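Student: build me a model from this:
(2 chains)
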There are 2 protein chains.
Amino acid sequence: MSAKHGIRDKTAIVGAGCSTFAEHWEKGAEHLIVEAVFEAYADAGIEDPARQIDAVFCGSLYSAMGPVDVSEALKLYKPLASVYNYCATGTEVVRSACMAIAAGLYDTVLAVGYDKPKDRGVSGPSVTYRGVRDLPATPAGWFSLAAAPYFAKYDAGREDLARIAVKNHHNGTLAPKSFLKKEITVEDALSARMIAWPFGLYDCAAQTDGAAAVIVTRADLARNYPGQPVYVKAISSHCAPNPHTDPDHDFLRWKATELAAADAYRMAGLDDPLRQIDVAQVHDCFTMTELLSYEDLGFIPKGAAKEHIASGTFALGGELPINTDGGLKSFGHPTGATGVRMIVENVLQLRGQAGARQVPGAKLALSHNIGGYPTGCAISILGVE
Amino acid sequence: MSAKHGIRDKTAIVGAGCSTFAEHWEKGAEHLIVEAVFEAYADAGIEDPARQIDAVFCGSLYSAMGPVDVSEALKLYKPLASVYNYCATGTEVVRSACMAIAAGLYDTVLAVGYDKPKDRGVSGPSVTYRGVRDLPATPAGWFSLAAAPYFAKYDAGREDLARIAVKNHHNGTLAPKSFLKKEITVEDALSARMIAWPFGLYDCAAQTDGAAAVIVTRADLARNYPGQPVYVKAISSHCAPNPHTDPDHDFLRWKATELAAADAYRMAGLDDPLRQIDVAQVHDCFTMTELLSYEDLGFIPKGAAKEHIASGTFALGGELPINTDGGLKSFGHPTGATGVRMIVENVLQLRGQAGARQVPGAKLALSHNIGGYPTGCAISILGVE
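Tutor: Residues are numbered from 1 along each chain as shown, chains lettered A, B, ... in the order given. Just a heads-up that it's a prediction; the model follows:
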């Protein structure tokens, strides 16, 4: 008998916190960590972290100091390691926290994702990678490679991407801690300056500073905490070949998402995700990434994104609202924090605490976080039943 | 009832591999990863990794590419994340692997630590940190701060450190894959050029390139593999305040080791480590680190290291042989690989496969790996009973 995927319902989230996501020139990483973590402590009713927290998992891409950022900021000296999987780092941090609890190592642990990319002294998409045929490329340049083949095959275009940006900008206006609180129109998106065709400015996520945190405990201890427990139905991760060098890659999908989704649905026992999942946060580093994710996650058939974008399937009030807090696009993208922020938003949605952006009666929530070229994907499925 | 420390005997190591540790100017990280991992595959009788390995955990300090180094080198596309805890990264990688198995997520996983510091284009202790009172310092500079207060309080001196170097150089000559295969004398150590008082050249570990890997599986599946299973009795990690800024720090001990050791002994059910443990690998980035570790690990009382060094307690043939393969000092120190290499050596010792350096009848083995300033410590205790 295989124990594979035996993590379902073993762990629960009993506290969630998030800093504001912004260009925090006046704050250090330690301020953002403290903001997020102390909100999570308060949410979980934790008054004596040194006694009540058994271990810490953290993740950051631009940290100068590593785990010491977290231990010194919180003055919390516990088992503490850092986890890294590019832009999917945040979800990996929570995955490690869940593994540690389910393994029987600890009762209650803290997971923290954070980043202060603005402290690097550069603005804009500063990271240069090697692109196709070893040409230099920014993230916008290489994620955009998926657009032309998709547009050609499925008769889609920049307007479809623009509608995703409009949706996420709208949702961001409803989230108190989001960075961009600005409605835009399809025309705004189409007429914005070009970054890397077909991505204009509004097709690209907003890089910000920020931190997010959750408290994870054993499922059987969750009722000891004041809030409604949110159970981890699945937390999965998968890698795939580097798309830039994979001879089988068709640029119409990101394989890592397909693999991680199959694993997560098996863990959670799902077979019809569009109908079974009530709310989702998906990785929208670029609008095209969100579009592909609708299909890669099996919400809709391959090539059907255009019609579902037009009909509002993924808007607030639609069948499966996606990126209810604005996503990377509008809430912001402090790389190591993003996966944790998605989980925090899902916790709020499942508890009915999401205010103006609440999805009524949400019982099952998915978050999807990709990283690398993209080579990795991590997915969580949370539920209140 | 608390589940804390419930990981004991849930997981087993069924395969171990290690590259040669050296200045591998002619090889890339991918070559070293393949060397170590395919030796571990062969050891475990794994012929079809894509079917038999469920997930991968990796760790490196100087990797340019992150987890993609490992997936592309091995062409193994699985759940894959990277773990980081400074020089204790290697043990954290194995800890993550054990957590994943014990959590019920996977049956069998691969843990890989690797580094190619020589590719950074620098030689020597190139890393500059901020030291005491914000003066710049290399690792040698700041670890040496522990020496003067210890020497003063316990009437120890450079000769005691030199004897540790002599022991580890001797042990390294008995390990086929070690970097430095050179016997030295106390006089050699004392007369070597000074690096940071009281550390001469032979008090400092040899930085090398290298990789090490282990295959971890569920304890109840371990007998399906060809070799003698080695069970994980404890795998613990702890952090402590940064010694450079901690007002309570006395420089006579590293608190993280004391905390991690207490945790590991509780997990493994030990109360007399010197007598119960048969062989140990301890972090000897500098000879002073090994000296303090004898005491911080509770093998001997505080201040007693000098007499035990003189009497040979920790030499091959002594009561508790330490750093049987030469340690960081002589086997080499490719940062992310070091903790895994220690565990590989303990696996060999426990199976009676350690050749000329074999500790007869070893049944219980400890490895100790510190990282940061040092702020973190990770410990494994492995056994064959």
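Student: tell me, what residue is most central in chain A?
Tutor: The C-alpha lying nearest the average C-alpha coordinate of chain A belongs to residue A:339 (CA atoms, centre = their mean; 3.4 Å).
Student: assess the claim that that one and residue A:83 are in contact.
Tutor: No - the pair residue A:339 and residue A:83 does not pass the contact test of CB atoms under 8 Å, sitting 10.2 Å apart. Glycine gets a C-beta too; all of them are placed from N, C-alpha and C.
Student: overlap in contacts of these two?
Tutor: Listed as contacting both residue A:339 and residue A:83 by CB atoms under 8 Å, 6 or more residues apart in numbering or on different chains are A:89, A:92, A:93.
Student: how about the helices in the stretch 101-250 of chain A?
Tutor: Remark: helices assigned in the stretch 101-250 of chain A by DSSP state H, counting those that start in this stretch are A:139-143, A:147-154, A:158-173, A:186-191.
Student: out of those, nearest to chain B?
Tutor: With CB to the nearest CB as the measure, helix A:139-143 is the member of the helices of the stretch 101-250 of chain A nearest chain B (13.7 Å).
Student: the stretch 51-200 of chain A against chain B: which residues are in contact?
Tutor: Counting by CB under 8 Å from any CB of the partner chain, the stretch 51-200 of chain A comes close to chain B at A:54-56, A:66-68, A:71-72, A:75, A:77-86, A:92, A:95-96, A:98-107.
Student: picking up where we left off before, return the member of the shared contacts of residue A:339 and residue A:83 nearest to residue A:371.
Tutor: Top of the list for closeness to residue A:371, among these and by CB to CB, is residue A:89 at 6.7 Å.
Student: about what we covered before: nearest to residue B:359 among the shared contacts of residue A:339 and residue A:83?
Tutor: Nearest to residue B:359 among the shared contacts of residue A:339 and residue A:83 is residue A:92, at 37.7 Å by CB to CB.
Student: so where's the stretch 201-350 of chain A shaky on pLDDT?
Tutor: For the stretch 201-350 of chain A, no stretch is flagged by pLDDT under 70.
Student: can you give me the strands in chain A?
Tutor: Per DSSP state E, chain A carries strands over the ranges A:11-18, A:55-59, A:80-84, A:108-115, A:129-130, A:136-137, A:194-196, A:199-200, A:210-218, A:230-239, A:279-281, A:364-371, A:376-383.
Student: can you put those in a markdown table and add distance to residue A:350 and mean neighbour count?
Tutor: What follows is the strands of chain A, written out as a markdown table (distance: least, CB to CB, whole Å; neighbours: other CB atoms under 10 Å in any protein chain shown):
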| stretch | distance to residue A:350 | mean neighbour count |
| --- | --- | --- |
| strand A:11-18 | 9 | 27 |
| strand A:55-59 | 22 | 29 |
| strand A:80-84 | 24 | 28 |
| strand A:108-115 | 17 | 30 |
| strand A:129-130 | 36 | 13 |
| strand A:136-137 | 38 | 15 |
| strand A:194-196 | 35 | 17 |
| strand A:199-200 | 32 | 22 |
| strand A:210-218 | 13 | 30 |
| strand A:230-239 | 5 | 26 |
| strand A:279-281 | 8 | 28 |
| strand A:364-371 | 5 | 28 |
| strand A:376-383 | 6 | 30 |
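Student: which one, of those strands, ends up nearest to residue B:358?
Tutor: Judging the strands of chain A by CB to CB, what sits closest to residue B:358 is strand A:80-84, at 32.3 Å.
Student: what is the burial count for residue A:22?
Tutor: By other CB atoms under 10 Å in any protein chain shown, 20 other residues sit near residue A:22.
Student: distance of it from residue A:331?
Tutor: Relative to residue A:331, residue A:22 is positioned 10 Å away (CB to CB, to the nearest Å).
Student: joint contacts of these two?
Tutor: Counting by CB under 8 Å, 6+ apart, the shared contacts of residue A:22 and residue A:331 are residue A:179.
Student: for the residue lying closest to residue A:324 once chain neighbours are set aside, give me its contacts.
Tutor: Distances taken as CB to CB, 6 or more residues apart in numbering or on different chains place residue A:357 nearest to residue A:324, at 4.8 Å, with adjacent residues excluded. Contacts for residue A:357 were tallied using CB under 8 Å, 6+ apart; they are A:171, A:174, A:175, A:316, A:324, A:325.
Student: who in the stretch 251-385 of chain A is up against chain B?
Tutor: Residues of the stretch 251-385 of chain A found near chain B (CB under 8 Å from any CB) are A:259, A:263, A:372, A:373, A:375, A:376, A:378.
Student: from those, which two are the most distant?
Tutor: With CB to CB as the measure, no two of these lie farther apart than A:263 and A:373, at 20.0 Å.
Student: and the two? which has more neighbours close in?
Tutor: More neighbours surround residue A:373 than the other of residue A:263 and residue A:373, with 25 against 21 (other CB under 10 Å).
Student: nearest spatial neighbour of that one, skipping sequence neighbours?
Tutor: Leaving aside its chain neighbours, residue A:373 sits nearest to residue A:242 (5.0 Å; criterion: CB to CB, 6+ apart).
Student: tally up the residues packed near that neighbour, please.
Tutor: Residue A:242: 17 neighbours (other CB under 10 Å).
Student: contact partners for it?
Tutor: Residues in contact with residue A:242, defined by CB under 8 Å, 6+ apart, are A:372, A:373, A:375, B:68, B:71, B:72.
Student: just those: which are in helices?
Tutor: Per DSSP state H, helices hold the following members of these: B:68, B:71, B:72.
Student: I'd say the second one and residue A:372 touch.
Tutor: Same thing as residue B:71. No - if you go by CB under 8 Å, residue B:71 and residue A:372 don't touch, sitting 9.2 Å apart.
Student: can you tell me how far residue A:347 is from residue A:329?
Tutor: According to CB to CB, residue A:347 stands 21 Å off from residue A:329.
Student: looking at these two, which one has more neighbours?
Tutor: Each of residue A:347 and residue A:329 had its neighbours counted (other CB under 10 Å), and the higher figure belongs to residue A:329 (29 against 26).
Student: and residue A:184, how close does it get to chain B?
Tutor: Distance of residue A:184 to chain B, given as CB to the nearest CB, to the nearest Å: 34 Å.
Student: quick one: pLDDT of the residue in the stretch 51-200 of chain A that chain B sits nearest to?
Tutor: Residue of the stretch 51-200 of chain A nearest chain B, by CB to the nearest CB: residue A:104 (2.8 Å). Residue A:104 is assigned 94 on the pLDDT scale.
Student: excluding chain neighbours, what is closest to it?
Tutor: Spatial nearest neighbour of residue A:104, excluding adjacent residues (CB to CB, 6+ apart): residue B:6 at 2.8 Å.
Student: quick one on the thing from earlier: residue A:33: which of the contacts of residue A:242 is nearest?
Tutor: Distances from residue A:33 to these, taken by CB to CB, are shortest for residue A:372, at 24.6 Å.
Student: where does that closest one land on pLDDT?
Tutor: So, for residue A:372, pLDDT stands at 90.
Student: OK, contacts around it?
Tutor: So residue A:372 contacts A:85, A:86, A:87, A:88, A:239, A:242, A:256, B:66, B:67, B:68 (CB under 8 Å, 6+ apart).
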